[in-house]
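Engineer: Sequence and predicted structure, then a few things I'm wondering about:
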Protein chains: 2
Amino acid sequence: MLIERFVSEGLAHNSYIVADGGEAAVIDPRRDVDVYLDLARENGLRIRYVLETHRNEDYVIGSSALAKLTGATVLHSSRLAFDYGTPVHEGDRFGVGSLELRVLETPGHTDESLSFVLGETKARGDAFMVFTGDTLFVGEVGRIDLYGESERPRLAAALYESLFGKLLPLGDGVILAPAHGGGSVCGGHISARQHSTLGYERRHNPRLVEPGREAFVRALLAQELVRPPYFRRMEELNEHGDPAVFARAPSLVPLRTGEFEERLRAGAIAIDARMPQAFAGGHVPGSYNVGLEGLPVYLPWVISHDTPLVLVLPEQASVEQVARMLLRIGFDRVEGYLRGGFTSWQEEGREIAHVGTLSTAELRRWVESQADVAIVDVRQPGEWEKGLVPGARPIFVGELERRIDELPGDRPVVTMCSSGNRGGIAASILARHGFHHVFNYLGGFGAWKASGLQTVKLERAQAQPTAEAPFEDRDADWPPA
Amino acid sequence: MLIERFVSEGLAHNSYIVADGGEAAVIDPRRDVDVYLDLARENGLRIRYVLETHRNEDYVIGSSALAKLTGATVLHSSRLAFDYGTPVHEGDRFGVGSLELRVLETPGHTDESLSFVLGETKARGDAFMVFTGDTLFVGEVGRIDLYGESERPRLAAALYESLFGKLLPLGDGVILAPAHGGGSVCGGHISARQHSTLGYERRHNPRLVEPGREAFVRALLAQELVRPPYFRRMEELNEHGDPAVFARAPSLVPLRTGEFEERLRAGAIAIDARMPQAFAGGHVPGSYNVGLEGLPVYLPWVISHDTPLVLVLPEQASVEQVARMLLRIGFDRVEGYLRGGFTSWQEEGREIAHVGTLSTAELRRWVESQADVAIVDVRQPGEWEKGLVPGARPIFVGELERRIDELPGDRPVVTMCSSGNRGGIAASILARHGFHHVFNYLGGFGAWKASGLQTVKLERAQAQPTAEAPFEDRDADWPPA
């Protein structure tokens, strides 16, 4: 018997394999499915089932690929008209050796959300583990905003029923196996702890401890989460089935500086995945700076999945790991990466762009002297509530490019976030749009607060875009023309 | 936050690392400690504590080595006078980042057995995981026979208190993290399932479901387990501290056939780790046949830890893996392995020994015709109760060599177990002692039963050795003079 979790870093996505007696089921596979194939090969397993907890929105699911490569049956909810696979219903059971997976319909995050209850067949339905998808996480529950504002109350109520009427009644002693860990965009504050049980969550999950449906729904409706624009594309691929089959990520092409420049001229976008300090010190003009760790979460905010792109990578980066990261979120038009890194670019005497950086002491002087600078705080709703640097304007990094006209082109602009990484993305966006005096505040709000400096409260009106369309609906026409 | 389990194959030993905020604690480390050092290095962790659940009896613990290499503090029970480390007591707490490990004294398997309760410091003592050592396994509880027959009732009662008075009251929703999985010699019938909770065990562990202390103790006293002779040596090393430090297993020396033979002449013992069919087909005269998978469990039964040994390995074996297996159980006098495997031996035209094999149909003919053969069933107490092939004599494989006089030297002898592997060990023992007509029944009792053939019940008297000393006390003078 073998039960393994696979973590896709960056996305903080958990997939699982459950195996016994030479048979296996994979739950919510990632797009580069070699990890399941390898494990099956090494352990002499036949993958019989691929189980999907729901139409995942934050990554391309590997179900179709795995089914094509192994002959496995894809099982997902009957409540959405998937173009592939087999619909299952509440109470359906699937055997894997001496184990049994039972379907539990747990709507709320989405209407078609399922949980899979794992038990020994001989224990007749008594479970020891449950795969909850995006319904229940460690320390958090699924987000209920994917269908838009008007559907939130209905989904929150459904989620309450799923949690309190179906999942928690499975019993305290059931190990929780959710589809995401801390850092995922699929929940508000998922814990960094990957180990929990229904009993521990019942007592310690902030969403579950307050009694009553009303309090639960109210708290959930107060939750403000940003919705990455690529979700729609992922949902589409996962509903209709990914036509591509990747046993592993295709190799990224190493590009000589000349080739790299040619690609840029032909319309490719340069993504610089180094740290913001390095980007500030020197970068290929026009490139976006999205550091490696934030790539899966923030790249989809700055460019669309069908944009051809070329990469500048940190010296020690694993090119294979980067290729996998991009593959998982459906960025299939990667034309290559700069061979030899940024060093090779500078060695040839090519044009180099810079942005400025600021220390806490430097920003403090500007703030206290009321210098003629604009400060843009690119954190997201929920973070600004912790306070703002006096005078800072809150614009989420994912909205910055389309709201760039709200910033003054004739004054220095300071970008900041909680630490400096999203500030780097913001600085690169501004530089790309011709802002000449851009400074990324290294340390961000975290350093400001740790230094005991004055903060101000967010005024709700501040967080509203000056553009007319509400944020919720604007990803329909993404990417901007 | 990072919590990982490491499985030592063969021994089915689980060790764990718990890390948060750059600090780590290792629980019951194995002797080749590189796996913890590597993980710590990759994740920027400082190993602060090494926690021992008890004086382990089935492997050499890596605590002293890990402490020497990292400066970590070794913590173990105050109820045994360990020669190293720091004694801890009920209720002591140790912080690892935002996590906390709390000491629970849970005697029963041994007097000094501890469990470590893992929780978030902010949850004030509420646990989400517990490291139970050999006190509670998935589907089984610890054995209570290590102090000898007379102490069993006392230990069984203590174990009951530890389980029902201390562990289960932690709550159903606590993940169980025991020191062994299925296949270990440290429990009777540990489950192959590695995932469970206190709640699931409370409802499904056969030792815990029957109500009442009396039933618990009675069932435990009825348990018959063999006690490997090397336990005493492991206990000694683990009490006084292993003087050796192995960051990893030392490389095994590849020996040319001539060198291999020289070592044999100088007193080394040859261990043939191939499958019994290959051993039967041809082997180095005088070698013991202990297949690779059973090496950690059965090698200590056939030779003592201080015997110099040389190995014949299967063609595809990982030499490194074999080295680690032997290191973990304290077999430090491995002089090397036959380079090129048995093929190189036969290519030089050296002397080759054989043993016979039997199919089910062949053995059936002998049994039904009451042929003049002896059948020795080398399974262990608890297995014979499932039935015997008519006429078979039960002698546990670990006792065979000292009870060899009970077998007739002048007739064919059939060895058998449940499948054929321990039968191979037995055949090699007999061949080594000059038995000329030895046949290993391939398939063993499993095949006999699957073929629907007649079986007979074990008569209790049958299982008694004809030698005078009770088995329990006989490992004191191991190895036999």
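Structural biologist: Looks like it came in fine. What you are looking at is a predicted structure, and each value in this text was computed from that prediction instead of being measured.
Engineer: C-alpha only now, for contacts and for neighbours.
Structural biologist: Fine.
Engineer: Phi, psi for A:Pro87 please.
Structural biologist: phi -70, psi 140 (degrees, to the nearest 10).
Engineer: What residues are bridge-paired with it?
Structural biologist: Beta-bridge partners recorded for A:Pro87 (DSSP bridges): A:His76.
Engineer: If I look at it, what pLDDT would I see?
Structural biologist: The predicted structure scores A:Pro87 at 97 on the pLDDT scale.
Engineer: Ok, A:Val245 next?
Structural biologist: Model confidence at A:Val245, expressed as pLDDT, equals 87.
Engineer: just checking, it touches A:Ser63?
Structural biologist: No. The pair A:Val245 / A:Ser63 is not scored as a contact, 9.6 Å apart, by Cα atoms under 8 Å.
Engineer: Poorly predicted segments of chain A, please.
Structural biologist: Scanning chain A with the threshold set as pLDDT under 70 gives A:460-481.
Engineer: residues from it in reach of chain B?
Structural biologist: A:1-3, A:123, A:127-128, A:172-175, A:192-200, A:204 (Cα under 8 Å from any Cα of the partner chain).
Engineer: can you tell me which of the residues you listed are in strands?
Structural biologist: Among the residues of chain A next to chain B, the residues falling in strands (DSSP state E) are A:2-3, A:127-128, A:175.
Engineer: Report the beta-bridge partner residues of A:His13.
Structural biologist: Beta-bridge partners of A:His13, counted by DSSP bridges, are A:Ser8, A:His180.
Engineer: And it, how far from chain B?
Structural biologist: Applying Cα to the nearest Cα, to the nearest Å, the value for A:His13 to chain B is 15 Å.
Engineer: List the contacts of the lengthiest helix in chain A.
Structural biologist: Assignment by DSSP state H gives helix A:421-432 as the longest helix of chain A. Outside helix A:421-432, the residues within contact range by Cα atoms under 8 Å, 6 or more residues apart in numbering or on different chains are A:275-276, A:279-280, A:285-291, A:355, A:377-379, A:397, A:400-401, A:404, A:414-417, A:438-442, A:444.
Engineer: Then stretch A:317-337?
Structural biologist: So stretch A:317-337 is contacted by A:10, A:30-32, A:58-61, A:234, A:248-255, A:260, A:263, A:268, A:292, A:295-296, A:305-313 (Cα under 8 Å, 6+ apart).
Engineer: Please point out which parts of that stretch sit buried.
Structural biologist: Residues A:319, A:322-332, A:334-337 are the ones in stretch A:317-337 that count as buried (16 or more other Cα atoms under 10 Å in any protein chain shown).
Engineer: Just give me the closest of those to A:Ile47.
Structural biologist: Within the set of these, A:Arg328 lies nearest A:Ile47; the separation is 20.8 Å, counting by Cα to Cα.
Engineer: Number of residues surrounding the closest residue to A:Arg256 other than its chain neighbours?
Structural biologist: Ranked by Cα to Cα, 6 or more residues apart in numbering or on different chains and with sequence neighbours excluded, the top spatial neighbour of A:Arg256 is A:Arg339, at 5.6 Å. Neighbours of A:Arg339 under the rule other Cα atoms under 10 Å in any protein chain shown: 20.
Engineer: if I pick A:Arg339, what's in contact with it?
Structural biologist: Residues in contact with A:Arg339, defined by Cα under 8 Å, 6+ apart, are A:254-257.
Engineer: I'd like the distance between it and chain B.
Structural biologist: In terms of Cα to the nearest Cα, A:Arg339 sits 26 Å off from chain B.
Engineer: now do A:Pro250
Structural biologist: 26 Å.
Engineer: again, but for A:Arg232
Structural biologist: 32 Å.
Engineer: How about the contacts made by that residue?
Structural biologist: With Cα under 8 Å, 6+ apart as the criterion, the residues that contact A:Arg232 are A:Glu57.
Engineer: So it lies in a helix, does it not?
Structural biologist: Yes. With DSSP: H, G, I helix; E, B strand; the rest coil as the criterion, A:Arg232 is assigned to a helix.
Engineer: element containing A:Val310, please.
Structural biologist: strand A:309-312 (DSSP states H and E).
Engineer: Output the contacting helices and strands for that strand.
Structural biologist: Using 3 or more Cα pairs under 8 Å, 6 or more residues apart in numbering or on different chains; DSSP states H and E as the contact criterion, the elements in contact with strand A:309-312 are helix A:257-265, strand A:269-272, strand A:334-338.
Engineer: Distance from the shortest one to the middle of the chain?
Structural biologist: Think strand A:269-272. Mean-position distance between strand A:269-272 and its chain equals 19 Å (Cα atoms, centre = their mean, to the nearest Å).
Engineer: Buried residues in the helix or strand following it, which are they?
Structural biologist: Along the chain past strand A:269-272, the next helix or strand (assigned with DSSP H and E) turns out to be helix A:276-281. Using 16+ other Cα under 10 Å as the test for burial, helix A:276-281 gives A:276-280.
Engineer: what does stretch A:207-222 give?
Structural biologist: Neighbour-count burial for stretch A:207-222, with 16+ other Cα under 10 Å as criterion, is recorded at A:207-208, A:213, A:216-217, A:220-221.
Engineer: Can you list the neighbours in contact with it?
Structural biologist: For stretch A:207-222, contacts defined as Cα under 8 Å, 6+ apart pick out A:139-141, A:143-144, A:152-153, A:156-157, A:160, A:201-203.
Engineer: okay, that stretch in PDB with CA atoms only?
Structural biologist: Written as PDB, here are the backbone C-alpha positions of stretch A:207-222 (Å, rounded to 0.1, in the frame of the first residue of the first chain):
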ATOM      1  CA  ARG A 207     -13.400  29.400   9.300                       C
ATOM      2  CA  LEU A 208     -14.900  26.400  11.200                       C
ATOM      3  CA  VAL A 209     -14.500  27.400  14.800                       C
ATOM      4  CA  GLU A 210     -17.100  30.200  14.800                       C
ATOM      5  CA  PRO A 211     -20.400  28.600  15.400                       C
ATOM      6  CA  GLY A 212     -23.300  28.800  13.000                       C
ATOM      7  CA  ARG A 213     -24.000  29.100   9.300                       C
ATOM      8  CA  GLU A 214     -24.600  32.900   9.500                       C
ATOM      9  CA  ALA A 215     -21.200  33.700  10.900                       C
ATOM     10  CA  PHE A 216     -19.600  31.400   8.500                       C
ATOM     11  CA  VAL A 217     -21.300  33.000   5.500                       C
ATOM     12  CA  ARG A 218     -20.700  36.500   6.700                       C
ATOM     13  CA  ALA A 219     -17.000  35.900   7.300                       C
ATOM     14  CA  LEU A 220     -16.600  34.300   3.800                       C
ATOM     15  CA  LEU A 221     -18.500  37.200   2.100                       C
ATOM     16  CA  ALA A 222     -16.100  39.700   3.700                       C
END
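Engineer: thought A:Ala268 was touching A:Asp306?
Structural biologist: No. Counting by Cα under 8 Å, A:Asp306 is not a contact partner of A:Ala268; they are 10.5 Å apart.
Engineer: mind giving me the domain split of chain A?
Structural biologist: Residue ranges for each domain of chain A read A:2-240, A:254-347, A:356-462, as given by automatic domain parsing.
Engineer: Next, give phi and psi for the residue nearest to A:Ile190 when sequence neighbours are not counted.
Structural biologist: Here the nearest residue to A:Ile190 in space, its sequence neighbours aside, is A:Gly182; by Cα to Cα, 6+ apart that works out to 4.6 Å. A:Gly182 has phi and psi values of phi -60, psi 140 when expressed as degrees, to the nearest 10.
Engineer: ok so, going back, from the contacts of helix A:421-432, which land in helices?
Structural biologist: Using DSSP H, A:276, A:279-280, A:444 are the members of the contacts of helix A:421-432 that sit in helices.
Engineer: Check those against B:Gln454 and report the nearest one.
Structural biologist: Nearest to B:Gln454 among the ones in helices among the contacts of helix A:421-432 is A:Pro276, at 77.0 Å by Cα to Cα.
Engineer: ranges for the strands of the stretch 251-400 of chain A?
Structural biologist: Here the stretch 251-400 of chain A has its strands, by DSSP state E, counting those that start in this stretch, at A:254-255, A:269-272, A:288-289, A:309-312, A:334-338, A:356-358, A:374-377, A:392-394.
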